[in-house]
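Q: below is the sequence, then the predicted model.
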Amino acid sequence: MDFSTRAIHAGQPADPGTGATITPIFQTSTYTQQGLGENKGYEYSRTGNPTRAALETCLASLENATHGLAFASGMAAISAVMSVLRPGDHVIAGDDLYGGTYRIFERVMRPMGVRISYVTAREVDEYARAVTPKTRMIWAETPTNPLLSLVDIAALGELARARGLTLVVDNTFATPYLQTPLDLGAHIVVHSTTKYINGHSDVVGGAVLTSDDALYDAIKFYQNAAGGVPGAFDAWLTLRGVKTLAARMRQHEENAGRIASFLEGHALVRHVYYPGLSSHPDHALAKRQMRGFGGMVSFAFDGEREDVDTFVRGLRIFALAESLGGVESLCCHPASMTHGSIPREEREKRGITDTLVRLSVGIEGVDDLIADLSQALDTVTSSRHGRSNGGRAKATARAATKSRR
Ligand SMILES: *Cc1c(COP(=O)(O)O)cnc(C)c1O
């Protein structure tokens, strides 16, 4: 069945008890049992809940997985995947990771005896060279955040298969509408459903999808044991959000493409990072691996950090905020916001400079979005004139004071 059809119907038959067309919010912690050892498939809502089960089935279907597990956040999903690691295990991860993933690797997994090596995210050879007899897992994100580099999932899948490793792909940025990593050789997909999957910036959630029975059993065990599950209402909101994922992604992409071209032609912009541009180093891979280029656009100013501050203060529709993937447009300054915890030198080495701006392009009217960016860029130009005039005025005043002395 088509992606959109599955997004709207998978795991969501009419409620057998009432005929309710929309999966009800089963706001219950417990379930009445018929007799000893006899129940209707549910006993306690940490272990299982029908609203959550509908979401898990739907997301599994969208990622072409046999199993889905929903979590209270993307990080809860990620930590559940990491729970399959044991002291002494080695993980190879791309270096352009989501900050929270890096944090849990460094501050939680490493003290527990797991070793992690970071390699240049887009260089498949570096992953291959980093494999040791203790390597158990490869962790990849593609496109990466905030520079939108791509990782060749099929090549990593091949490496994982040859060396008996588990390949995990964080598919939050691409979404299953644009990319299905399990089809390319990945074993596990993780999501922050907070982003595009829910799509309305009103729920924090996560998911793990896999077709590997043993991995599913281990992660499902951890889900129940640790209990980082979403409540029924959050599961229901996410289920409602995901119904429109295909329509939203098409509009995100159309708007992002128009905005990337606009920015590429602007005098104040030094560089635009968008996999849909033919100038992007991974454009060919994006065309091969993805079914579209997504809604995230980053760009670097030809100027200073001060210009970025003027620009973000000038925006009227784009909100200065962390997160991404909602219907509304957001703008983020990675160096001071999402990536502020990475030491400056390390950050700049990776290209996350003080003048880099990341846009999560929403689905508002694209002409309004371009007009907003354009007028905010104009405020940068006029404030630069103001600065240089002000600077000259101050210098003249200083000279005058000096000559009076
Ligand atoms: C936001 C995000 C996460 C973490 O998800 P939360 O829902 O915030 O816990 C993980 N990976 C990526 C790529 C993200 O963007």
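A: Everything's here; your move.

Q: please count neighbours and contacts with C-alpha atoms only from this point.
A: OK.

Q: can you list the buried residues in stretch 14-33?
A: Neighbour counts over stretch 14-33 (16 or more other C-alpha atoms under 10 Å) mark 23-26 as buried.

Q: state the mean pLDDT of it.
A: The average pLDDT for stretch 14-33 rounds to 97.

Q: just stretch 210-220 next, same as before
A: Across stretch 210-220, the per-residue pLDDT values average to 98.

Q: restrict that stretch to CA atoms and write it as PDB.
A: Once side chains and other backbone atoms are set aside, the C-alpha atoms of stretch 210-220 remain, and they are given as PDB (Å, rounded to 0.1, in the frame of the first residue of the first chain):
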ATOM      1  CA  THR A 210      13.400  -3.100  13.500                       C
ATOM      2  CA  SER A 211      12.800  -6.300  11.600                       C
ATOM      3  CA  ASP A 212      15.300  -8.200  13.700                       C
ATOM      4  CA  ASP A 213      13.400 -10.400  16.200                       C
ATOM      5  CA  ALA A 214      16.300 -10.800  18.700                       C
ATOM      6  CA  LEU A 215      17.000  -7.000  18.700                       C
ATOM      7  CA  TYR A 216      13.200  -6.300  19.100                       C
ATOM      8  CA  ASP A 217      12.900  -8.700  22.000                       C
ATOM      9  CA  ALA A 218      15.900  -7.100  23.800                       C
ATOM     10  CA  ILE A 219      14.700  -3.500  23.300                       C
ATOM     11  CA  LYS A 220      11.100  -4.400  24.100                       C
END
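
Q: for the stretch 1-150 of the chain, what spans make up the helices?
A: In chain order, the stretch 1-150 of the chain shows helices spanning 3-9, 50-62, 74-82, 99-104, 124-130, with DSSP state H, counting those that start in this stretch as the criterion.

Q: out of those helices, nearest to the ligand?
A: Nearest of the helices of the stretch 1-150 of the chain to the ligand, taken as C-alpha to the nearest ligand atom: helix 74-82 at 3.4 Å.

Q: hmm, residue 247 and residue 3 touching each other?
A: No. Checked against C-alpha atoms under 8 Å, the pair residue 3 and residue 247 is beyond contact range at 10.6 Å.

Q: same drill for these two, tell me which one is more crowded.
A: It is residue 3, of residue 3 and residue 247, that has more neighbours when counted by other C-alpha atoms under 10 Å, with 17 against 13.

Q: and the gap between the more buried one and residue 340?
A: Separation of residue 3 from residue 340 (C-alpha to C-alpha, to the nearest Å) stands at 37 Å.

Q: tell me the contacts of the nearest residue to residue 106 once chain neighbours are set aside?
A: Once flanking residues are discounted, residue 106 sits nearest to residue 116: 8.0 Å by C-alpha to C-alpha, 6 or more residues apart in numbering. Each residue near residue 116 by C-alpha atoms under 8 Å, 6 or more residues apart in numbering is listed here: 90-93, 105-106, 110.

Q: nearest spatial neighbour of whichever residue of the stretch 251-400 of the chain sits closest to the ligand, skipping sequence neighbours?
A: For the stretch 251-400 of the chain, the residue closest to the ligand is residue 323, as judged by C-alpha to the nearest ligand atom, at 6.3 Å. Counting by C-alpha to C-alpha, 6+ apart, the nearest residue to residue 323 once its immediate chain neighbours are dropped is residue 195, at 7.0 Å.

Q: test my guess that the one you found contacts residue 207.
A: No. Judged on C-alpha under 8 Å, residue 195 makes no contact with residue 207 at a distance of 11.6 Å.

Q: just want to know which of those two has more residues nearby.
A: With neighbours defined as other C-alpha under 10 Å, residue 195 and residue 207 compare such that residue 207 has more, 30 against 24.

Q: so the more buried one is in which element?
A: Secondary structure assigned from DSSP states H and E places residue 207 in strand 206-210.

Q: buried set for the helix or strand just after that strand?
A: Proceeding C-terminally, strand 206-210 gives way to helix 213-226 as the next helix or strand, assigned by DSSP H and E. Applying a neighbour-count criterion of 16+ other C-alpha under 10 Å, one finds 215-216, 219-220, 222-223 buried in helix 213-226.

Q: what's the answer for stretch 102-109, then?
A: By neighbour count with 16+ other C-alpha under 10 Å, stretch 102-109 contains the buried residues 102, 105, 109.
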